[in-house]
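>>> give me coordinates for this.
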Amino acid sequence: MRVWRAMGVLGATAGLLLGGVVSTASAAPAPSDDARCAPSSTTPLRQFRATWISSVVNIDWPSKTGLTAAQQQAELTGWLDDAVRQKHNAVVLQVRPTADAFWPSKVEPWSRYLTGAQGGDPGYDPLKFAVAEAHKRNLELHAWFNPYRLSMGTDINALLPTHPARQHPEWVVTYGGKLYYNPGIPAARKLVEDAIMDAVSNYDIDGVHFDDYFYPYPVAGQVFDDAATYVQYGGGIPTLAEWRRNNINLLIQEIQGRIKAEKPWVKFGISPFAVWRNKATDPEGTDTTAGVQTYDDLAADTRRWVREEWIDYIVPQVYWAGGFAPADYNKIVPWWAEQVRGTDVHLYIGEATYKVGTSTQSPDWADPAELSDHMTFVSTIPEVKGNIFFSAKDVRADRLGATTLLNNTWYTRPALIPAMPALDSRAPLPPHAVHATRTTAGVQLKWRPTSPDSTSYAVYRRELLAGDHCPDNDARNLLTTTRSQSFLDTTATPGTRYLYTVTALDRLSNQSIAIPTISLR
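From the prediction side, this is the model:
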């Protein structure tokens, strides 16, 4: 058994093998026009992959109230293990579903969805546990906050007496069978921001995530009663609709500024209803006839947030099938690609896994290939940098075998998180002392970090005799990403010579140059 180490630093291309040693002086990459080196659309090197894990009304986690701390933890690690098996690289976990908290917040009470009683201590810190367990698996943890929803019912007295809404009932609006903070009251907006920043300041989360609820979805025959608030705080804004949009714009601008002032690396993303405006309403809108338009009905000018770069990523919930006439997936996604083009805002697409095998909206949801067809379509659109699936229990259900089909077609290899050079473009230094050793269990790789900004590592492998000198511009050679400083390759074939390379990644997924090492038997 012999182990050879490279003596210098190479890029992601393999060097020449000279007597069993990688030459750092005469690396000869294949011609750039070699068709073999064209990146594969089915194994992209970078792609955001996640599920939404919903806590409101116990949709996903915890599965019901009153579970013990150990039971809750076991359920959550099960969801995280699902993500790893599916080669996802992030989870979006709902931690503030109804003006409450999945952590010991200084601002709001414990969520009732933990213990069954608002304010009930679950006996541990769920957000702290979630961050630690996600990072152990090298998954990003995006903490999901619903800004203004207070309660899924209308009884304000069901809230704890110490709840901020009980202390300030003048901030509360009853609408559509639920309670909401009034977005037009500056003090209510500040409280929402303070609640979110309590989590940002005290936990190592990777992202702050909003869903599609701002002003509530319209309910026929009901009025969101904020006319008096408009009179008090309108400040010369000519219409109620414009004032409402301004209120939400202020929330987005202010929370973005506070996040970046506290932790510049924490990403801020929003997942809105996918139709900004129908073309019949606005010629710049989508070719849709959707019953809701975020600009008009939710006071959410989602297009402006992208154009002003107030957010780092947007995940339109394109929860319709391709070819569905009122809202065609294949028309809406390109529209969003046009909106992000030329900006620093990433575009991920929200996918309706929950409709597979259950929805009668269109016959396509009875086709197990519908979600995979979505992936085929977006693979041709370079602005689309990933997908998020709603929700975790539906992904796990694998109805019609749709999740398995998608994973076997599109998620056969791991993927790095897309980098965000607008936040930070400096790559970490590469690891050093990289070496590989043959063992009875496989090839054991070890390395050492060079700089403290390295948070994880990517391990690539290629066969030395296969004539593969292509750069690692896709994930076909990517074995794993890990936060460890070692990796056991149990899939290595005995007697086969491999060139391994290891790169360091920082918390924004900037990648170092690669350090190669050869394993020979």
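
>>> ranges for the helices of the stretch 401-521 of the chain?
402-410 (DSSP state H, counting those that start in this stretch).

>>> show me where pLDDT drops low in it?
466, 520-521 (pLDDT under 70).

>>> hey, where'd the strands end up in it?
432-439, 442-448, 456-463, 478-482, 486-489, 498-505, 515-520 (DSSP state E, counting those that start in this stretch).

>>> mind checking those for the one nearest to residue 353?
strand 478-482 (23.8 Å; C-beta to C-beta). For every residue, glycine as well, the C-beta is placed using N, CA and C.

>>> let me know the average pLDDT across stretch 323-341.
Here stretch 323-341 scores 98 as its mean pLDDT.

>>> equivalent analysis for stretch 276-294, please.
98.

>>> ok, and the closest non-adjacent residue to residue 224?
The shortest distance from residue 224 to any non-neighbouring residue, by C-beta to C-beta, 6 or more residues apart in numbering, is to residue 175 (5.1 Å).

>>> tell me, how many residues neighbour the closest residue to residue 252 other than its chain neighbours?
Excluding its sequence neighbours, the residue lying closest to residue 252 (C-beta to C-beta, 6+ apart) is residue 310, at 4.9 Å. By the criterion of other C-beta atoms under 10 Å, residue 310 has 19 neighbours.

>>> what about residue 310, which SS state?
The three-state assignment at residue 310 reads coil, by DSSP: H, G, I helix; E, B strand; the rest coil.

>>> surely it and residue 256 touch.
Yes - using C-beta atoms under 8 Å, residue 310 makes contact with residue 256 at a distance of 5.2 Å.

>>> got the contact list for the residue nearest to residue 252?
249, 252, 253, 256, 304 (C-beta atoms under 8 Å, 6 or more residues apart in numbering).

>>> now, those that are in helices?
Applying DSSP state H to these, the entries found in helices are 249, 252, 253, 256, 304.

>>> of those residues, grab the buried ones for PyMOL.
Only the buried entries of the ones in helices among the contacts of residue 310 go into this PyMOL selection, using 16 or more other C-beta atoms under 10 Å:
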select buried, resi 249+252+256
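
>>> quickly list what residue 456 is bridged to.
Partner residues in beta bridges with residue 456, using DSSP bridges, are residue 505.

>>> number of residues surrounding it?
Other residues within reach of residue 456, judged by other C-beta under 10 Å, total 22.

>>> does it touch residue 485 like I think?
No - using C-beta under 8 Å, residue 456 makes no contact with residue 485, being 10.2 Å away.

>>> returning to that earlier point: farthest pair within the contacts of residue 310?
Within the contacts of residue 310, 256 and 304 form the most distant pair, 13.0 Å apart (C-beta to C-beta).

>>> helices of this structure, start to end?
69-85, 112-115, 126-136, 164-167, 186-202, 227-233, 240-262, 294-297, 302-307, 329-340, 370-378, 392-397, 402-410.

>>> which stretch among the ones you listed is buried most, on average?
Sort the helices of the chain by mean neighbour count, taking mean count of other C-beta atoms under 10 Å, and helix 112-115 sits at the top with a mean of 22.

>>> quick one: neighbours of residue 205, just the number.
22.

>>> then residue 57?
11.

>>> returning to that earlier point: quick one: the contacts of residue 310 as JSON lines, columns for distance to residue 100 and pLDDT too.
Below are these laid out as JSON lines (distance: C-beta to C-beta, whole Å; pLDDT from 0 to 100):
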{"residue": "249", "distance to residue 100": "25", "pLDDT": "98"}
{"residue": "252", "distance to residue 100": "22", "pLDDT": "98"}
{"residue": "253", "distance to residue 100": "25", "pLDDT": "98"}
{"residue": "256", "distance to residue 100": "23", "pLDDT": "98"}
{"residue": "304", "distance to residue 100": "30", "pLDDT": "98"}
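
>>> and of those residues, the nearest to residue 125?
Once C-beta to C-beta is applied, the member of the contacts of residue 310 that ends up nearest residue 125 is residue 256, at 26.1 Å.

>>> touching, that closest one and residue 267? I think so.
No - applying C-beta under 8 Å as the test, residue 256 and residue 267 come out as separate, 10.3 Å apart.

>>> picking that back up, what's the neighbour count on the residue nearest to residue 224?
Counted with other C-beta under 10 Å, residue 175 comes out at 18.

>>> quick one: contacts for it?
Residue 175 neighbours (C-beta under 8 Å, 6+ apart): 216, 219, 222, 224, 225.

>>> could you do residue 295 as well?
With C-beta under 8 Å, 6+ apart, residue 295 has these contacts: 245, 276, 277, 282, 301, 302, 303.

>>> and the two most separated of these?
Top of the distance list for the contacts of residue 295 (C-beta to C-beta): 245 and 282, 13.7 Å.

>>> which stretches of the stretch 101-250 of the chain have low pLDDT?
For the stretch 101-250 of the chain, counting by pLDDT under 70, not a single residue falls below.

>>> rewinding a little: who's the residue nearest to residue 224 bridged to?
residue 178.

>>> what's the closest of the helices of the chain to residue 56?
Using C-beta to C-beta, the helices of the chain put helix 112-115 closest to residue 56, at 6.7 Å.

>>> what's the closest one in contact with?
Contacts for helix 112-115 (C-beta under 8 Å, 6+ apart): 55-58, 62, 65-66, 72, 97-98, 100, 102, 118, 120-122, 126.

>>> can we see that at 7 Å?
The contact list for helix 112-115, computed with C-beta atoms under 7 Å, 6 or more residues apart in numbering, reads 55-56, 58, 62, 65-66, 97, 100, 102, 118, 120, 122, 126.
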